[in-house]
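# Predicted model and sequence below, questions to follow.
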Amino acid sequence: MPARGSGIKPPAVRYIRNAVVEKVVDGDTVALLVDLGWQLRAKYSCRIVVDDASSIDTPERGHIDYQRAVDYARTLLNPGEQVVVESLKMQDKYGGRFDGILWLHNGTTFAQAMLAAGYARIWREGEPKPYPRAGESSPTA
């Protein structure tokens, strides 16, 4: 374990679980029914990440590309579809989502597919979001 004040964070606890897609919430959040083992399942929202240091950001509601990003995400994930999720952080600042890598059947991740299609951008915590929030101007405009 790193010494206090060293600036080094301990590694995230990772869990790899089977899950069923409930719905695509938006381009970077998916509602899942996660298999916890022992015939226990729980509903969670998963904020899509690329790795420990970065996640994806997609257009927000009100942005011109919002609906296209959501529609594309829904072509990748159908309700009832089984996926594998690797959780990296159990709750985000909203308290109800966890950060995770969502693996698709073709061996790529949901984040990779959204980035490759141009519907997402890489975002690292502490940096301005690539897509503006409602009422904000774009930092990359």
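Cool, the structure landed. All values derive from a computational prediction rather than experimental measurement.

# in the chain, which spans are strands?
15-26, 29-37, 40-48, 55-57, 82-89, 97-103, 121-123 (DSSP state E).

# from what I can see Leu102 touches Val85, true?
Yes: counting by C-beta atoms under 8 Å, Leu102 does reach Val85; the two are 5.4 Å apart. C-betas here are computed from N, CA, C, even on glycine.

# any common contacting residues for these two?
Common contact partners of Leu102 and Val85 (C-beta atoms under 8 Å, 6 or more residues apart in numbering): Cys46.

# between the two, which one's more packed in?
Neighbour count, other C-beta atoms under 10 Å: between Leu102 and Val85, Val85 has more, with 24 against 21.

# What's opposite the more buried one in the beta bridge?
Under DSSP bridges, the beta-bridge partners of Val85 are Arg17, Leu102.

# Report pLDDT for it.
Predicted confidence (pLDDT) for Val85: 93.

# what residues are up against Ile16?
Ile16 makes contacts with 84-87, as judged by C-beta under 8 Å, 6+ apart.

# Same check on Tyr119?
27, 58-59, 65, 68-69, 72-73.

# Widest-spaced pair of those?
Farthest apart among those by C-beta to C-beta are Asp65 and Ala73. That separation is 11.9 Å.

# which of the two has more neighbours?
The neighbour comparison of Asp65 against Ala73 (other C-beta under 10 Å) goes to Ala73, with 24 against 15.

# Please tell me how far that one sits from Ser45.
14 Å (C-beta to C-beta, to the nearest Å).

# Touching both of the two, which residues are there?
Common neighbours of Ala73 and Ser45 (C-beta under 8 Å, 6+ apart) are Val30.

# need the helix or strand of this structure with the lowest average pLDDT.
None of the helices or strands of the chain scores lower by mean pLDDT, DSSP states H and E than strand 82-89, at a mean of 87.
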